[in-house]
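1. Below: sequence and its predicted model.
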Amino acid sequence: MQDEIENIIFSRFVNQAIPFELITIEELYKRCKESNYDLSIPHRIEFHALIIIFEGESKHFVDFKEEILCSGLILPLTKGQVHSFNKELTIKGFIISFEESFITQNTSDKNLFHFLHIYHTPSILIGKENLERLTPFLVLLEKLHQDSNINLKSEVVNSAFLTLLFQIKRLSIYQHKTFESQRFKDFIKFKQLITKHYNETHNAKDYAHKLSISYKYLNDICKEISRKTAKSFLDSWLLLEIKRNLSENKYTSQEIAFKMGFNEPSNFIRFFKKFTGITPIQFQYKLKKSSSVRD
């Protein structure tokens, strides 16, 4: 494990006229090898991505959890996540990378809702037999991506990509629950508010007030969508962000405590230990140990 986890911005390996790229996983490995960059080292991405597996099997680590990649599986990766690839290339497929603004700008509320719904799902299994039904959309995106004519290119690629996402959602062999649109939007707003104000308050009632909704309603939609109370969801988000900060090895525990909105480092340690059973320092040690084992 490196002393510090690198924050990978979209332009780190990409030079495109629009903030969108589609390449094969093989090309990604080749590009990183030429840049002397090790994909198996945990890194934090500052953009969104979509991994589509056509052949093979591998492991992928996302926010300290292991995902098994296999044929027919699609893995959405969101901005801010810490993840790493397997060191050896054992899979074939595609990876699509794009900046958040590429979707959020000039996208209808309905399409944005579907996008957020997909990216709220940890992984999507459409089955190996359905992969060929994605091929026409991927071929179209690849041609559009390589097209040198930039006139309305962003708009056309955006539409084609959203169509691919709709097809993925249709083909999912798991019947993901479809949430009522407004309730889901309010849940996403709650999640977005946490990312902006977590260093100011850890009280779920304060977020209900900011959203101009009742705490009961906020609790209800959190239970429906995340299967957690509003307070539990807030605590789980804080815990994950703390783990991400600890894994970066850029800050001391005291600095992370104040960054995350804890008035006293002792409260920060107590909070972390309550949910993990270990101290932040012990967690860092475990990360280094598990990373050295994978290497």
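-> On my side now, so go ahead. Quick caveat, the model's predicted, so the values are computed rather than measured.

2. in which helix or strand would I find Glu255?
-> helix 253-259 (DSSP states H and E).

3. I'd say Ile23 and Ile52 touch.
-> No. Counting by Cβ atoms under 8 Å, Ile52 is not a contact partner of Ile23; they are 11.4 Å apart. All C-beta spots, glycine's among them, are computed from the backbone N, C-alpha and C.

4. More neighbours: these two, which one.
-> Ile52 (23 against 17; other Cβ atoms under 10 Å).

5. if I look at that one, how far off is Leu75?
-> In this view, Ile52 and Leu75 are 8 Å apart by Cβ to Cβ, to the nearest Å.

6. Need the three-state assignment for Ser97.
-> Following DSSP: H, G, I helix; E, B strand; the rest coil, Ser97 is assigned to strand.

7. Around Asn106, count how many other residues there are.
-> Applying other Cβ under 10 Å, we find 11 residues neighbouring Asn106.

8. ditto for the one 4 residues further on
-> Using other Cβ under 10 Å, the number of residues around Lys110 comes to 9.

9. How far away from the center of its chain is the lowest-mean-pLDDT helix or strand in the chain?
-> Of all helical and strand segments in the chain, the minimum by mean pLDDT, DSSP states H and E falls on strand 7-8, at a mean of 74. With Cα atoms, centre = their mean, to the nearest Å as the basis, strand 7-8 stands 13 Å off its chain's centre.

10. partners of that strand in the sheet?
-> strand 43-45 (parallel) (DSSP bridges).

11. Now do the strand it pairs with: everything it contacts.
-> Applying Cβ atoms under 8 Å, 6 or more residues apart in numbering, the set of residues contacting strand 43-45 from outside is 5-8, 77, 79-84, 244, 248.

12. Which among these count as buried?
-> Neighbour-count burial (16 or more other Cβ atoms under 10 Å) is assigned, among the contacts of strand 43-45, to Ile5, Ile8, Leu77, Gly80, Gln81, Val82, His83, Ser84, Arg244, Glu248.

13. In this model Ile18 seems to touch Ile150, though I could be wrong.
-> Yes. Assessed by Cβ under 8 Å, Ile150 is found in contact with Ile18 at 7.5 Å.

14. which of the two has more neighbours?
-> Shown here are Ile150 and Ile18; by other Cβ under 10 Å, Ile18 has more neighbours (17 against 9).

15. is it fair to say the more buried one lies in a helix?
-> No. The assignment for Ile18, made by three-state DSSP, is coil rather than a helix.
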